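Asker: attaching a predicted model along with its sequence, questions to come.
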Amino acid sequence: MARVLQFTDVSVVRDGTTILDSLNWTVDSDERWVILGPNGAGKTTLLQLAAAQSHPSAGTVEILDSTLGTADLFDLRPRIGFASTAMARRIPKNEKVLDVVLTAAYSVTGRWNEAYEDVDTRRAQRVLAEWKLSAFESRNFGDLSDGEQKRVQIARSVMTDPELLLLDEPAASLDLGAREELLQLLSGYAQAPKAPAIIMVTHHVEEIPLGFTHALLLADGAVTASGPIREVITAANLGDTFGLALELDENDGRFSAHAV
Ligand SMILES: Nc1ncnc2c1ncn2[C@@H]1O[C@H](COP(=O)(O)OP(=O)(O)OP(=O)(O)O)[C@@H](O)[C@H]1O
């Protein structure tokens, strides 16, 4: 077990607005975190820090063995997998699915003149198979359904065997079948012995895959609860975070919530 992330008194201020306020948080290599909170709570801002894609206005962010501000981002970023809608928008619509995953090995989107090794191609094909995408290998990324595109984004983000995997709303906009298919794959991945530390942002407790161990609840840029998942995902904590009275159920490790 190793520490992969440490936030110490981290604040983010943009244009005079405090978006994250004095956050303290640690993530270890054997932990899988879910982050929940209302729209505008600061979840994506927090994930961008963890991805070494932005810097805090105050405090210290340590990722793997580096500190943001002094770290060599060129070395650090390939060790972090990040799947988000913003990243997906940078993928050319006519990029072949195999290339979308393969180009992760070179930290680029869009194939150009890179010379790929057979070993990379074989790895990309193995990753596509793991995420049930082999049949789409030669299809254009832009022609896939939302559910298939989400799986390709995740396959791309795990291609480099990251030590830290960040997922920003992987199940957003999916229909029930596509969501459940994705959650099954994520559950399997999260529970595999060699899984990296994972941090997943979601809007719904129904989207927490089995195998997730910890939760952080955010509201107005501040932590309302943080720790082992069953201590944090409670009706009282969710009610405080979302500002309404909630009833919470847990069935075979999956949560569901509704207002009362
Ligand atoms: N440059 C900026 N200036 C002022 N406010 C900003 C700036 N950038 C982001 N914000 C605000 O910071 C807040 C947090 O944004 P963020 O995207 O991190 O929230 P989120 O929890 O991911 O929201 P959502 O669930 O809607 O995706 C939002 O209210 C947003 O409007």
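Answerer: Perfect, thanks for sending it. Numbers count the residues shown, from 1 in each chain.

Asker: pull the distance from the lengthiest helix in the chain to the chain's centre.
Answerer: Secondary structure of the chain per DSSP state H: the longest helix is helix 176-191. Relative to its parent chain, helix 176-191 has a centroid offset of 14 Å by C-alpha atoms, centre = their mean, to the nearest Å.

Asker: CA atoms of that helix as PDB?
Answerer: Taking Å, rounded to 0.1, in the frame of the first residue of the first chain, the C-alpha atoms of helix 176-191 are listed here in PDB:
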ATOM      1  CA  LEU A 176     -30.200   1.800 -18.000                       C
ATOM      2  CA  GLY A 177     -28.700  -1.100 -19.900                       C
ATOM      3  CA  ALA A 178     -25.600   0.700 -20.900                       C
ATOM      4  CA  ARG A 179     -25.200   2.000 -17.400                       C
ATOM      5  CA  GLU A 180     -25.500  -1.400 -15.800                       C
ATOM      6  CA  GLU A 181     -23.100  -2.900 -18.400                       C
ATOM      7  CA  LEU A 182     -20.500  -0.200 -17.600                       C
ATOM      8  CA  LEU A 183     -21.000  -0.600 -13.900                       C
ATOM      9  CA  GLN A 184     -20.400  -4.300 -14.100                       C
ATOM     10  CA  LEU A 185     -17.100  -3.700 -16.000                       C
ATOM     11  CA  LEU A 186     -16.000  -1.000 -13.600                       C
ATOM     12  CA  SER A 187     -16.900  -3.300 -10.600                       C
ATOM     13  CA  GLY A 188     -14.800  -6.100 -12.100                       C
ATOM     14  CA  TYR A 189     -11.900  -3.700 -12.800                       C
ATOM     15  CA  ALA A 190     -12.100  -2.100  -9.300                       C
ATOM     16  CA  GLN A 191     -12.000  -5.500  -7.600                       C
END
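
Asker: could you say what helices and strands that helix packs with?
Answerer: helix 146-158 (3 or more C-beta pairs under 8 Å, 6 or more residues apart in numbering; DSSP states H and E). Every C-beta, even on glycine, is put in place using the N, C-alpha and C of the backbone.

Asker: ok, now with 6 Å
Answerer: Helices and strands touching helix 176-191, as assessed by 3 or more C-beta pairs under 6 Å, 6 or more residues apart in numbering; DSSP states H and E, are absent.

Asker: how about the closest residue in space to residue 228 that isn't next to it in sequence, phi and psi?
Answerer: Closest residue to residue 228 apart from its sequence neighbours, by C-beta to C-beta, 6 or more residues apart in numbering: residue 214 at 5.9 Å. Taking degrees, to the nearest 10, you get phi -140, psi 160 for the backbone angles of residue 214.

Asker: can you give me the pLDDT of residue 214?
Answerer: According to the prediction, residue 214 has pLDDT 98.

Asker: count the residues that sit near it.
Answerer: Residue 214 has 23 neighbouring residues, counting by other C-beta atoms under 10 Å.

Asker: let me see the contact set for it.
Answerer: 31, 33, 228, 229 (C-beta atoms under 6 Å, 6 or more residues apart in numbering).

Asker: quick one: which of these sit in strands?
Answerer: 33, 228 (DSSP state E).

Asker: and the residue nearest to residue 228, what are its bridge partners?
Answerer: Beta-bridge partners for residue 214, by DSSP bridges, are residue 33, residue 228.

Asker: next secondary structure after the longest helix of the chain?
Answerer: strand 197-201 (DSSP states H and E).

Asker: in space, what's closest to the residue most central in space within the chain - neighbours in sequence excluded?
Answerer: Taking C-alpha atoms, centre = their mean, the centroid of the chain lies closest to residue 167, which sits 1.4 Å from it. Excluding the flanking residues, the one nearest residue 167 by C-beta to C-beta, 6+ apart is residue 200, at 4.2 Å.
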